[in-house]
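Asker: Curious how this folds, go ahead:
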Amino acid sequence: MLIFLRLFLVLALLLVELGWFSQPAIAQEYEGCWMLNSAGAVIDLNGSVCPRSPVVSRLTPLMFSNLRVEPTGNGLVAVSGSVTNRNNQPIPLVLVEYKLVDQQSQEVLYKGILPLEIPGALQAGASVNFSRVLKANRLPQKPLNEITVQVARYL
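Answerer: Numbers count the residues shown, from 1 in each chain. Below you'll find the model as predicted:
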């Protein structure tokens, strides 16, 4: 039993140590049909090998608006906004991942997730407001009018 516990502690410490040296990776991908040649250049295969897909509207199906961060008092701030479904079909929407960005330096000051309580899906043409309250001490000492809210992604 003692050997098992010792082995478990060694493995746990090893995993913790390895986690400190990891570097986050950002996945980026080209849209459409493509391949890389031996020189590493991207070759577009749309139309020649892959069939062309129908023309899709450049409008994103969801429009986020009124994104803001405001003081609510008692050392709290509220991140709020609204989302509108501009598609002609319902869109399942569970959460919005957002970031608070310094307007001047474009430095990301805070990242967060807003769970949305939409039963089923956001219906075509419908809008919903969302809000999240944060402790102001989670943000750097900056005037709130110098901070913008950006939607990183939604699920």
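
Asker: Looks to me like residue 6 is in a helix.
Answerer: Yes: Residue 6: assigned to a helix according to DSSP: H, G, I helix; E, B strand; the rest coil.

Asker: Just name whatever secondary elements the biggest strand by length in the chain is in contact with.
Answerer: When the chain is scanned for its longest strand (criterion: DSSP state E), the result is strand 62-73. Taking 3 or more CB pairs under 8 Å, 6 or more residues apart in numbering; DSSP states H and E as the contact definition, the neighbouring helices and strands of strand 62-73 are strand 76-85, strand 95-102, strand 147-154. For the C-beta atoms, the positions are set from N, CA and C on the backbone; glycine is no exception.

Asker: Make JSON lines from those and add mean pLDDT to it.
Answerer: Supplementary listing: the helices and strands packed on strand 62-73 in JSON lines, determined by pLDDT from 0 to 100:
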{"stretch": "strand 76-85", "mean pLDDT": "90"}
{"stretch": "strand 95-102", "mean pLDDT": "88"}
{"stretch": "strand 147-154", "mean pLDDT": "86"}
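
Asker: How about residue 108, nearest residue that isn't a chain neighbour?
Answerer: residue 99 (5.0 Å; CB to CB, 6 or more residues apart in numbering).

Asker: just checking, that neighbour touches residue 111?
Answerer: Yes: counting by CB atoms under 8 Å, residue 99 touches residue 111, with 4.8 Å between them.

Asker: which residues touch residue 116?
Answerer: For residue 116, the residues meeting the contact criterion (CB atoms under 8 Å, 6 or more residues apart in numbering) are 83, 93-96, 128, 130.
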